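Peer 1: What shape does this take:
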Amino acid sequence: AEPAPTGPAPTAATPEEQRKSLEAVSKGIDELAKKGLFAFMSPENKDLMAKIQEGLKAGGDLSVDFLAEMLAGKDSTKRFLAVSLLSELDIEKALPLYRKALFESEDDLVRRMASHSLATHKIEKALPDLMKAMKEDKDWGVRANSAYGVAKMGNKAGIDALVESYNDESHQPAERLGVLGGIADIADPSTAPLFRDLLAKSKDDTTLILSIGAVEKMMDKASLAPLQAIIQGSGSSLIKEPAKKAYN
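Peer 2: Okay, here's the model as predicted:
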């Protein structure tokens, strides 16, 4: 077979091209920030986010300074956005900024986003940082996010901290449900008793769906009886169908 033509190697962007890319990023971020704190997660802003991400990549090393400046700024929405965009950088260059956000920011939401991003991207080098935040941060959400990251990296201390966070009834049900979703996602066999108990006692559809998914993932045979009770009970098909799938 003929070798594929290689062509010229792509040339690196010039400093001027990088600056222009970041000017476009800055305009995009201004537009996004006007739409609210969590606008970057909205499907309607998908194209705008893609342009911002593309511009940050094209900005090269200048993007590091750009996000560092945003993170140090006075606009709380932009600080939050800056942390959410750190994953677009090379991890070695992003880690110092993640740490700055996680340990130096007075803004709970900025620290929550830093711990969330480090956890969901499963950044192994950040394990000591997440361990520290899990144990020491003053905010429950930061501790829970950090515990999720620690647990995702296979550390049992993270699982224990997540379960403790879920069991803390001083927090809103929606917040605790988010933690339960993290425990279900990891599906560590040590948490099977928690999910069996919820299958037997909970009346909340979301809690039941998370629990069904968790025991199915674990293939926990001790959950067959509560699953069967759900299948034979008077609940909705929304719960019965996943229960049947898990049981089978």
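Peer 1: And the lengthiest helix in the chain, what's buried?
Peer 2: Identified as the longest helix of the chain according to DSSP state H is helix 15-34. Within helix 15-34, the residues that qualify as buried are 18, 21-22, 25, 28-29, 32-33, counting by 16 or more other C-beta atoms under 10 Å. For the C-beta atoms, the positions are set from N, CA and C on the backbone; glycine is no exception.
Peer 1: Let's test this: mean pLDDT of that helix, rounded?
Peer 2: Taken as a whole, helix 15-34 has a mean pLDDT of 92.
Peer 1: Show which residues not belonging to that helix make contact with it.
Peer 2: 13, 39-40, 45, 48-49, 51-52, 55-56, 58-63, 66, 70, 75, 77-78, 81 (C-beta atoms under 8 Å, 6 or more residues apart in numbering).
Peer 1: Please indicate which of those residues are buried?
Peer 2: Buried among the contacts of helix 15-34 (16+ other C-beta under 10 Å): 13, 39-40, 45, 48-49, 52, 55-56, 58-60, 62-63, 66, 70, 77-78, 81.
Peer 1: and those, which of them are in helices?
Peer 2: Per DSSP H, those map to helices at 48-49, 52, 55-56, 58, 62-63, 66, 70, 77-78, 81.
Peer 1: before we move on, the earlier item: dump the buried residues of helix 15-34 into CSV; add distance to H116 as well.
Peer 2: What follows is the buried residues of helix 15-34, written out as CSV (distance: C-beta to C-beta, whole Å):
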residue, distance to H116
Q18, 28
S21, 26
L22, 25
V25, 22
G28, 22
I29, 19
L32, 18
A33, 19
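Peer 1: what stretches of this protein score poorly on pLDDT?
Peer 2: 1-12 (pLDDT under 70).
Peer 1: Now the two most distant members of the ones in helices among the buried ones among the contacts of helix 15-34.
Peer 2: Spatial extent of these (C-beta to C-beta) is set by the pair A58 and T77 at 23.5 Å.
Peer 1: tell me which element the residue nearest to A222 when sequence neighbours are not counted falls in.
Peer 2: Using C-beta to C-beta, 6 or more residues apart in numbering and skipping the chain neighbours, the partner closest in space to A222 is R196 (6.3 Å). Using DSSP states H and E, R196 falls within helix 192-201.
Peer 1: Would you map the helices across this structure?
Peer 2: Per DSSP H, the chain carries helices over the ranges 15-34, 46-58, 62-71, 76-85, 91-104, 108-120, 127-136, 140-152, 156-167, 173-186, 192-201, 205-218, 224-232, 237-247.
Peer 1: winner for burial among these?
Peer 2: helix 140-152 (a mean of 26; mean count of other C-beta atoms under 10 Å).
Peer 1: residues making contact with that helix?
Peer 2: Against helix 140-152 from outside (C-beta under 8 Å, 6+ apart): 102, 108, 111-112, 115-116, 118-120, 122-123, 126-127, 130-131, 133-135, 137, 157-159, 161-162, 165, 168, 171, 175, 178-179, 182-183, 186, 188.
Peer 1: do that again at 6 Å, thanks
Peer 2: Helix 140-152 is contacted by residues 111-112, 115-116, 118-119, 122, 130-131, 133-134, 137, 158-159, 161-162, 165, 179, 182, 186 when judged by C-beta atoms under 6 Å, 6 or more residues apart in numbering.
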